[in-house]
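Asker: Fold the stuff below for me.
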Amino acid sequence: MARVHIHPTADVSPHARVGSGSYIWNQAQIREEARIGCNCIIGKNVYVDCGVVISDSVKVQNNVSIYHGVLIEDSVFIGPHVCFTNDVLPRAMTQGGSLKGEGDWSVGHTVVRRGVSIGAGSVILPKVTIGSFALIGAGSVVTHSVPAHALVYGNPARRHGYVCRCGQPLAMVVISDASIRGTCPRCQQEYIFHADFLADEQEE
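Answerer: Got it, this is the predicted structure:
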């Protein structure tokens with residue numbers, strides 16, 4: 001079994017779990033009860049909060065912040081300076097004027113499905129699910145859940161098409177009133193999307 005590689009300057013809680021073959025680079029902090037799977041790369045100055053779950057073969061680049069309440073599935077790419085938030089109504093103090101403690105707010109959970117890529121500098125708000133193989137453009141602010149294979153970017157992030165598993169934007173052709181075919185110009189993989197799936201719930 002491949003060993004875990006932890007840089008001497010990394011701060012990894014003894015109550016965290018790190019899978020075999022994973023690399024934790026310099027000045028990263030992995031909090032208690034965090035779980036990191038096998039063959040992951042956690043870059044320089046990454047913060048992984050308590051209870052965060054990161055599955056296998058995930059690449060987290062430098063200066064990423066992943067706060068409590070986030071679940072990341074297999075083979076996800078997270079670009080540098082991405083921030084996952086977890087408080088829907090952030091305040092430093094309670095209504096009575098005292099500093100908020102652990103019991104004074106509720107965690108907004110976020111799920112990142114298999115194969116997702118998140119571009120540099122993006123902010124992911126809580127209570128969203130990012131569907132498998134979706135692609136989030138650099139600098140986006142994700143405020144709503146994202147369907148599988150969707151290409152989204154902007155502030156707030158909006159859908160601008162769909163992408164292949166390889167990341168290439170799909171060429172979309174209507175094949176009936178109920179479905180659309182997407183074809184990858186790079187690898188020729190084809191996908192069939194149903195009309196109700198393609199309905200843009202973000203456009204209000």
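Asker: Find the residue at the geometric middle of the protein.
Answerer: residue 112 (4.5 Å; C-alpha atoms, centre = their mean).
Asker: can you pull the contacts of that residue?
Answerer: With contact set as C-beta atoms under 8 Å, 6 or more residues apart in numbering, residue 112 has these partners: 70, 71, 72, 73, 76, 118, 124, 129, 130. Bear in mind the C-beta positions are built from the backbone N, C-alpha and C, glycine included.
Asker: Check residue 6 too.
Answerer: Residue 6 makes contact with 12, 18, 24 under the criterion C-beta under 8 Å, 6+ apart.
Asker: Can I get those residues in a markdown table including pLDDT, secondary structure and distance to residue 3?
Answerer: What follows is the contacts of residue 6, written out as a markdown table (pLDDT from 0 to 100; DSSP: H, G, I helix; E, B strand; the rest coil; distance: C-beta to C-beta, whole Å):
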| residue | pLDDT | secondary structure | distance to residue 3 |
| --- | --- | --- | --- |
| 12 | 98 | strand | 14 |
| 18 | 98 | strand | 10 |
| 24 | 98 | strand | 12 |
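Asker: Which residues does stretch 156-170 contact?
Answerer: 115, 117, 122, 133-137, 140-144, 146-147, 149-153, 172, 182-187, 189, 191, 193, 200, 202-203.
Asker: Just the pLDDT for residue 192.
Answerer: If you check residue 192, the pLDDT there is 89.
Asker: Give the bridge partners for it, please.
Answerer: residue 181 (DSSP bridges).
Asker: Tell me how far it lies from residue 159.
Answerer: Here residue 192 is placed at a distance of 18 Å from residue 159 (C-beta to C-beta, to the nearest Å).
Asker: What is the burial count for residue 178?
Answerer: For residue 178, the neighbour count with other C-beta atoms under 10 Å is 10.
Asker: Oops, could you answer that again for residue 93 instead?
Answerer: If you count neighbours by other C-beta under 10 Å, residue 93 ends up with 10.
Asker: Run through the bridge partners of it.
Answerer: With DSSP bridges as the rule, residue 93 is bridged to residue 99.
Asker: Which residue of this structure is positioned most peripherally relative to its centre?
Answerer: residue 96 (34.8 Å).
Asker: State the distance from the residue lying closest to residue 126 once chain neighbours are set aside to residue 170.
Answerer: Spatial nearest neighbour of residue 126, excluding adjacent residues (C-beta to C-beta, 6 or more residues apart in numbering): residue 108 at 2.6 Å. Distance of residue 108 to residue 170, given as C-beta to C-beta: 31 Å.
Asker: for residue 84, same thing?
Answerer: Here the criterion is C-beta to C-beta. By it, residue 84 lies 27 Å from residue 170.
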